[in-house]
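1. have a look; sequence and predicted model below, questions after that.
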Amino acid sequence: MIQKTLQRDNAFAALGLSRPLCNAVADAGYETPTPIQIKAIPDVLSGRDLLGCAQTGTGKTAAFALPILQHLAGHRRGLRVLVLAPTRELAAQIGASFGTYGRGTGLRQHVIFGGVNKNPQRKALRAGREILVATPGRLIDLMGEGVVDLSRVTHFVLDEADRMLDMGFVRDVRRIVREIPRDRQTLLFSATMPNEIRTLASEILRDPLHVAVDPVSSTREPTSQAVYFVEKKQKLDLLLRLLDDRDIDIERALVFTRTKHGANKLTKQLGNAHVNAAAIHGNKSQAARERALAGFKRGQLRVLVATDIAARGIDIKELSHVINYDLPNEPESYVHRVGRTGRAGLTGAAISFCATEERLYLRDIERLTNRRLDRPEGGDDRRTESPRAPKARNGSPRAPNARNDTQRRPRRRRRR
Ligand code: AMP
């Protein structure tokens, strides 16, 4: 509603942003602020702490970076801003966003993460930077060497806090926070709010503004979401068939597998079928990941095969398709995955493959997103949609990954 009433030309200015920043976002092609930007920017500009329930893809980076850049404008006095991100890819993207929005402010940012040579990072830190985006491990390393001084930081952002928790970084985060002056502005973003994150938030935020954007109904939803029922062994054939299908028109696809091994295997199989593909996951070196991502962005690779953690936060513009080769066992991951496409007004499509043993995952996904995925080739849905999941002996529903009951079902007579 508010979004509609804001005029295109002054939509960002109406939030209180300065002219140079409005120009920078216009140059980046943004016409209207996203819901999280509308909700957060005025309060962050006023200096309030923020607890944002929002995931990557909602425009949250600009929601924190723009007001911070405005606060810092005209100050070039060493390290003022620390942003912590769980993964290298996300850290690199946040750094790039600060670069885009802060062009012309004279502020300098640097990104540090593990798995690469420390020397350039030491050098940059010694040369002085106003904005530092870091993953926790490497930051602690460099703090130990005395290269990083956080004693004058005035703005602290903790991004994807729930992922920090999943990756075991929360102790490191607490250690780092202890080195930052209490008199600061703190912004914490998390896609989900488990109790541990609420506790952490209560420790590090002061009277925060709470902002939540609905991940499913936000701008990130792809225009079409389909599911194909296919047995595990047939998945490769189906993928190759879809890649060949002119009507579906898969230009560039991010394909998700559940495991790193699965990602490697599929990449090899695609290569054998003459599809240009590369895998991106935690076991790959930083250089290999960057190479794969760059090749994909340039259009040299048609398929990038990824696992959830590696793909988290990856921002690829004009991604035509996200394909769930394996359905995720957490329905929230589905929302994260398909949110990689259909961004910022671009149309995109999500395609999921569902094997018999994945049907309960599909049911959970459809419940969470409150949406029935399209069935372009039909399929036996009866079991998926029936909430009568077979019970385990103790009466609780059987875990979807427990040895699967439905495989034995054909012997039983179906209910009418
Ligand atoms: P983020 O959630 O910060 O990772 O942003 C996701 C994507 O949305 C990035 O590609 C941004 O460049 C883009 N974006 C952020 N804000 C806007 C906006 N107001 N209009 C269009 N695109 C945007």
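-> The structure has been received and is ready for your questions. Residues are numbered from 1 along each chain as shown.
2. what stretches of the stretch 151-300 of the chain score poorly on pLDDT?
-> Judged against pLDDT under 70, the low-scoring parts of the stretch 151-300 of the chain cover residues 214-223.
3. now do the helices in it.
-> Using DSSP state H, counting those that start in this stretch, the helices found in the stretch 151-300 of the chain span residues 161-166, 170-177, 195-204, 235-244, 260-272, 286-298.
4. buried stuff in the third one?
-> Using 16 or more other CB atoms under 10 Å as the burial criterion, the residues of helix 195-204 that qualify are I197, L200, A201, I204. (Each C-beta comes from the backbone N, C-alpha and C, glycine too.)
5. just name the closest of those to T356, please.
-> Nearest to T356 among those: I197, at 35.2 Å, using CB to CB.
6. who's in contact with that closest one?
-> A161, D162, L165, L188, S190 (CB atoms under 8 Å, 6 or more residues apart in numbering).
7. how about the helices of the stretch 151-300 of the chain, which one is nearest V81?
-> Here helix 170-177 is closest among those (CB to CB), at 13.5 Å.
8. single out the most deeply packed of the helices of the stretch 151-300 of the chain.
-> helix 161-166 (a mean of 21; mean count of other CB atoms under 10 Å).
9. list the contacts of that one.
-> 84, 86-87, 136, 158, 170, 173, 188-194, 196-197, 200-201, 309, 312.
10. any of the residues you listed buried? List them.
-> Applying 16+ other CB under 10 Å to the contacts of helix 161-166 flags 84, 86-87, 136, 158, 170, 173, 188-191, 193, 197, 200-201, 309, 312 as buried.
11. mind checking which of the residues you listed land in strands?
-> Within the buried ones among the contacts of helix 161-166, residues falling in strands by DSSP state E are L84, L158, L188, F189, S190.
12. now these in TSV, with distance to the ligand?
-> Output for these, formatted as TSV (distance: CB to the nearest ligand atom, whole Å):
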residue	distance to the ligand
L84	15
L158	15
L188	15
F189	9
S190	13
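13. now the two most distant members of those.
-> Pairwise across those, and taking CB to CB, the largest span is found between L84 and S190, at 12.2 Å.
14. quick one, helices of the stretch 1-150 of the chain?
-> 2-5, 19-27, 35-45, 60-72, 88-101, 119-127, 136-144.
15. out of the ones you listed, deepest packed?
-> Highest mean neighbour count among the helices of the stretch 1-150 of the chain (mean count of other CB under 10 Å): helix 60-72, a mean of 25.
16. that one close to the ligand?
-> Yes: Helix 60-72 reaches the ligand (CB under 6 Å from any ligand atom) through K60, T61, A62.
17. what residues are up against the first one?
-> Counting by CB under 8 Å, 6+ apart, K60 makes contact with I36, A40, G52, A54, D159, F189.
18. okay, the fourth one: pLDDT?
-> The reference is to A54. Listed pLDDT for A54 reads 85.
19. go ahead and confirm it touches H210.
-> No: contact between A54 and H210 fails when scored by CB atoms under 8 Å: they sit 11.2 Å apart.
20. between these two, tell me which one has more neighbours.
-> With neighbours defined as other CB atoms under 10 Å, A54 and H210 compare such that A54 has more, 24 against 12.
21. outside of stretch 34-45, which residues touch it?
-> Outside stretch 34-45, the residues touching it (CB under 8 Å, 6+ apart) are 2-3, 6, 12, 15-17, 33, 50, 52, 54, 58-60, 62-64, 66-68, 70-71, 185, 187, 209, 211, 213, 218-219.
22. pLDDT weak spots in the stretch 1-150 of the chain?
-> Short version for the stretch 1-150 of the chain, where the test is pLDDT under 70: 1-9, 76.
23. mind checking how far stretch 102-120 is from the chain centre?
-> Its chain's C-alpha centre and that of stretch 102-120 lie 21 Å apart, by CA atoms, centre = their mean, to the nearest Å.
24. let me know whether that stretch sits next to the ligand.
-> No: judged by CB under 6 Å from any ligand atom, stretch 102-120 stays clear of the ligand, getting no closer than 13.9 Å.
25. show me what counts as buried in that stretch.
-> Buried, per 16+ other CB under 10 Å, within stretch 102-120: G102, R103, T105, L107, R108, Q109, H110, V111, I112, F113.
26. what of stretch 358-376?
-> E358, R359, L360, Y361, L362, R363, D364, I365, E366, T369, L373.
27. lowest-confidence entry in the residues you listed?
-> Among these, pLDDT bottoms out at T369, giving 74.
28. now that one: how far from Q55?
-> Look at T369 and Q55: by CB to CB, to the nearest Å, they are 14 Å apart.
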